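Visitor: just the structure for this:
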Amino acid sequence: MSNTAGRDGGVQSVDRAISVLEILARRGEAGVSEVASEIDVHKSTAFRLLGALEGRGLVEQAADRGKYRLGFGLIPLAGAVSDRLDVTRQGRAVCHRLAGEMSETINVAVLQEHWAVNVDQARGPSTVATHNWIGRLTPLHCTSSGKVLLAHIAAEHRAALLAASGMKRMTAATVTSAAELDAELERVRAVGHAVALEEYETGLNAVAAPILDRAGEVIAALSVSGPSYRLDEPRLLELIEPLKAAAGEISRRMGWFGG
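Guide: Coordinates of the predicted model:
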């Protein structure tokens, strides 16, 4: 019972701390009494919450007024997701242009835990009846986007992600051997793209290329996918260079100007 009570109390404290941050974001500044009133706690509780947040740099006190405001400690936290948000905005025009040129579905995917999650999609004129992939979590080991994302993370982290996912066999073509996948990911790093031929869904083919941030780190994958009868292997090979060029354009929009 005591352990359960402790966990419940911890969740309540986290919830209150988040509420404090939201109050300061909305109001700009607030004193202890104002915070206590808004979250309906005693002033001493509000003071402890603000003190804990101040200790982590998430809030700071304006010395001349005794009020609190959001601190600079939030900047690294915001920065951790800002590129993932920016890549959607910066890549949207490129994705729609590419979908029109290739007449297939274009997706942007990022890493989320042991999944690739699609954060944006553009459909070509031939893809009226295709899936809506936005927000869909897809396996890393058997999708073109997932393989691009896996290929560019540290081996130890990659192994942990694959252990969490289980490398489930999705089709007869799915690679379920870690050694075989490692060899493929080495090729992905060497050639700058990844291909998935009916590995995730029977009848679905795709190719993906990496999108880089300003530091040259892979933050997303740009892919083109379609039915295997239309997007067969020869057609995929034709689309690789235009896809990589488009991924490079989005990377430049994200601030990457390296080689």
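Visitor: give the partner strands of the helix or strand hosting residue 226 in its sheet and their orientations.
Guide: Residue 226 belongs to strand 218-227 when assigned by DSSP states H and E. The sheet places strand 218-227 alongside strand 105-112 (antiparallel), strand 204-212 (antiparallel), with pairing taken from DSSP bridges.
Visitor: quick one, phi psi at residue 41?
Guide: phi -130, psi 170 (degrees, to the nearest 10).
Visitor: how about the helices of the stretch 151-259 of the chain, start to end?
Guide: In the stretch 151-259 of the chain, the helices defined using DSSP state H, counting those that start in this stretch lie at 155-165, 178-191, 233-253.
Visitor: so for the last one, what gets flagged as buried?
Guide: Looking back up the chat, that one is helix 233-253. For helix 233-253, the neighbour count (16 or more other Cβ atoms under 10 Å) marks 235-236, 239-240, 243-244, 246-251, 253 as buried. Heads up, the C-betas are built off the backbone N, CA and C, glycines and all.
Visitor: before we move on, back to that, tell me which of the strands paired with strand 218-227 sits nearest to residue 91.
Guide: Nearest to residue 91, of all the strands paired with strand 218-227, is strand 105-112, at 5.4 Å by Cβ to Cβ.
Visitor: what pLDDT, on average, does that closest one get?
Guide: Strand 105-112 shows a mean pLDDT of 93 in the predicted model.
Visitor: and the next helix or strand past it?
Guide: Later in the chain than strand 105-112, the nearest helix or strand by DSSP H and E is strand 115-122.
Visitor: tell me the angle that following strand makes with strand 204-212.
Guide: Angle of strand 115-122 versus strand 204-212, following axes from the mean of the first three to the mean of the last three Cα atoms, to 10 degrees, is 90 degrees.
Visitor: now for strand 115-122, which elements pack on it?
Guide: Packing contacts for strand 115-122, counted by 3 or more Cβ pairs under 8 Å, 6 or more residues apart in numbering; DSSP states H and E, involve helix 74-102, strand 105-112, strand 137-139, helix 144-151.
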